[in-house]
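S.K.: A predicted structure for the sequence below; I have some questions about it.
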Amino acid sequence: MTEISAQPRRFDRRKFIIGSGAMVVAVGTPRLLNPQSAFAAVKGLPIGPALVDPNQIDSWLAIKGDGTVVLKTGKEELGGGTLTTSHQLVADELDVPFEKVQSIVADTAKTVNQGATAGSQTTPTQFGETGGLRQAVAEARLALLNMASTALGAPVSQLSVKDGVVSAGAGRQVTYATLIGDKLFALKQTGKAVPKRFEDYKLVGTSVPRIDIPAKVVGKFTFNHDIRLPGMVFARVVRPPTIDSQLVGINGFPHKIPGLIRVVVKKNWVAVVAEREEQAIQAASSLRVKWNVTKLPNFATFYEDLVADAPTNTTNRVLINTNDVDATLGKAAKTIEATYKYPIQMHGTMGASTAAAWVDGDQAVVWTHTQNVTAERSMLATALGIPATNIRVIFVEGAGVYGITGADNAGLDAAMISQAVGKPVRVQYTRADEHKWENYGQPFVHKLRGGIDSAGNLVVWDAESWTAARGGRPPRRRTCRRGS
C-alpha cells in the first residue's frame, strides 16, 4: 500500500513539463445521477420540511453503523476548500479519523439554512459561537458522552475519546457506532456544550489534502454539468439583443429542426426545447424572433450621464457630514482633487452555468450550483406558482466562482421550461450567454477632494460616489462622505 503524506507535494511546473516527453489525457464516462432516486423525489417522496430545524442535533450530523460521521451543512464548496475545513472541524471536535467524515451539502430537504455562501464567510460562520457547525458538533459530542456514561457506568469527566471510541479505563469502552449508529439523536441543542479550545485541535489549522481534489483530477467528480435524468430533454434560452428588449413576435424556423419539442414563450422570455443538446443549440440559433430593442447607454458619455442623471433618478445616502467641509477647504493651505471612473466589471465565471429541473405538477426538484439554495427555492416558488415547501433545491458543484454567476438564472430557466413541457429539463448556458447576461459588477464615479494645512496634516476631505445599482434596486445611487 502506498503511503500518502498529509503535506501536499510541491511541483515545479516548468521542470515537470520540460521533463515529460508526452501528455496523457484521460477521459472518463460522465457520472450519472441515480435516476431512480431522482424519479422518486418528484413522484411521491417528501420534498422536505419547510425549514430544517437548526436546533436539532440531527439537522447537523448523523453517525452511521460503521462509525462514519455525516456532517450536514448549508454552506457550499465553491472551490476554496471550505468543505475540507469543515471536515477537519468535525473530526477534531468528535475525535474521529478525518477519513471517516462525509458530508451532505446545501440541500433544502436535508440541511439547515445558513444563508448564502459568499464573501469568505463560511469558515467564520462554521467556527462561530452561534449558528454554525462547531457548536452543533460540540452538542453532539456532549450527547454521545452522556450516552457512553450510561453505557459504561462512569461519569463523563472520566471518559476519553479516540478514533470514535469512548473509553472509561479498565478496558471498558464503547464506539459511537454502538451508541447511536444509524439512529437519530432526537435531541435539541442545549446551549450547554462547550466546544474544544482552538489550541486543543489537532487537524484544524494544519494542511490536509483537499477532499474534493482527487476525484476532480481523475475525472470522477460529479459536477452539475454531469447530471442526467431519465427522459431528460435539453433547452436553451433565446436571448434578446439587449436587456429590457420587448418581444414583438416569433416567425418560426427557416428549416426543420431535428428533435425539436417546443418553443416556450413567457412574456419577453423565449426558450427552445429539443431531444438532444446539439438540437437545442441549433434551434436557439435558428429561431427567428423580432424584438423591440431598447436603447443602450452611450458609452462615450457613460460616466458623465451616471452623474448627470443623479438629481432626478437617484437614491442618496449621506454616510458622514460634519457640515463644515466647504469652509475648511477654503482655509486649507493646499487642496487636491481627483475623479476616478471605475468600469463595469464582468465576474467571468470559469465555466458556463447549468441546471437541471424536474417539475411534476405541484412538486419540483432543481439541481443547481446556486450560492443560496433557500433563496433559490423562494424565487422558484414565485416563478412556478407552487409553495416553497413543495420545492427541493439541491446544490451540485459547478465551476469555481468569485462573484456573481448565472447559476440562479439557469435554475430558474430549467424549472420554468420543465413546468411548461412536463419533462425533466437541462439548461446549459453558452459562454456568450454567461458573458453578456451575467449581473455585472457595478460601475462607479468617485469624486474626491482633500485639504492639508501648512504642516502637511490632513484637515478636510470630501468624497462622493455615483453607481448604477444592481438587481431590482433604484437605477442610480449616490453616497457622500464629508468630514474635517
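M.R.: Ah, there it is.
S.K.: how many other residues sit next to residue 190?
M.R.: Residue 190 has 11 neighbours, counted by other C-beta atoms under 10 Å. Quick note: C-beta positions are derived from backbone N, CA and C, even for glycine.
S.K.: Also residue 171?
M.R.: 6.
S.K.: same thing with residue 177?
M.R.: By other C-beta under 10 Å, neighbour count at residue 177 equals 17.
S.K.: now do residue 230
M.R.: 13.
S.K.: Hmm, it is touching residue 424, no?
M.R.: Yes - the pair residue 230 and residue 424 qualifies as a contact (C-beta atoms under 8 Å) at a distance of 7.3 Å.
S.K.: where does the protein dip in pLDDT?
M.R.: Applying pLDDT under 70 to the chain flags the ranges 1-46, 131, 310-314, 469-484.
S.K.: Backbone dihedrals for the most centrally placed residue in it, both of them.
M.R.: Centrality entry for the chain: nearest residue to the mean C-alpha point is residue 371, 2.0 Å, by C-alpha atoms, centre = their mean. The phi and psi values for residue 371, taken as degrees, to the nearest 10, are phi -90, psi 0.
S.K.: same deal with residue 152?
M.R.: Dihedral angles for residue 152 - degrees, to the nearest 10 - are phi -100, psi -10.
S.K.: That one: what's its closest spatial neighbour, skipping adjacent residues?
M.R.: residue 168 (4.2 Å; C-beta to C-beta, 6 or more residues apart in numbering).
S.K.: quick one, domains of this structure?
M.R.: 57-217, 226-292+349-435, 302-345+441-483 (automatic domain parsing).
S.K.: Residue 412 is in what secondary structure piece?
M.R.: Assigned by DSSP states H and E, residue 412 belongs to helix 407-421.
S.K.: Any chance you could list what contacts that helix?
M.R.: 233, 235, 237, 261-262, 264, 266, 269, 271, 273, 353-359, 364, 366, 368-371, 375-376, 379-380, 383-384, 393, 398, 401, 424-429, 437 (C-beta atoms under 8 Å, 6 or more residues apart in numbering).
S.K.: Could you turn the buried ones of these into a ChimeraX selection?
M.R.: A single ChimeraX command selects the buried members of these (16 or more other C-beta atoms under 10 Å):
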select :233,235,237,261,262,264,269,271,273,353,354,355,356,357,358,359,364,366,368,369,370,371,376,379,380,384,393,398,401,424,425,426,427,428,429,437
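S.K.: Tell me which of the domains of the chain sits most buried.
M.R.: Mean neighbour count (mean count of other C-beta atoms under 10 Å) peaks for domain 226-292+349-435 among those, with a mean of 19.
S.K.: just how off-centre is that domain within its chain?
M.R.: Its chain's average C-alpha position is 18 Å from that of domain 226-292+349-435, according to C-alpha atoms, centre = their mean, to the nearest Å.
S.K.: what about it, start to end distance?
M.R.: The straight-line separation of the ends of domain 226-292+349-435 (C-alpha to C-alpha, to the nearest Å) is 22 Å.
S.K.: thought residue 430 was touching residue 354?
M.R.: No - judged on C-beta under 8 Å, residue 430 makes no contact with residue 354 at a distance of 10.6 Å.
S.K.: Run through the residues that contact residue 251.
M.R.: Taking C-beta under 8 Å, 6+ apart, we find residue 251 in contact with 288-290.
S.K.: what about 7 Å?
M.R.: By C-beta atoms under 7 Å, 6 or more residues apart in numbering, the contact set of residue 251 is 288, 290.
S.K.: which phi and psi does it have?
M.R.: phi -110, psi 20.
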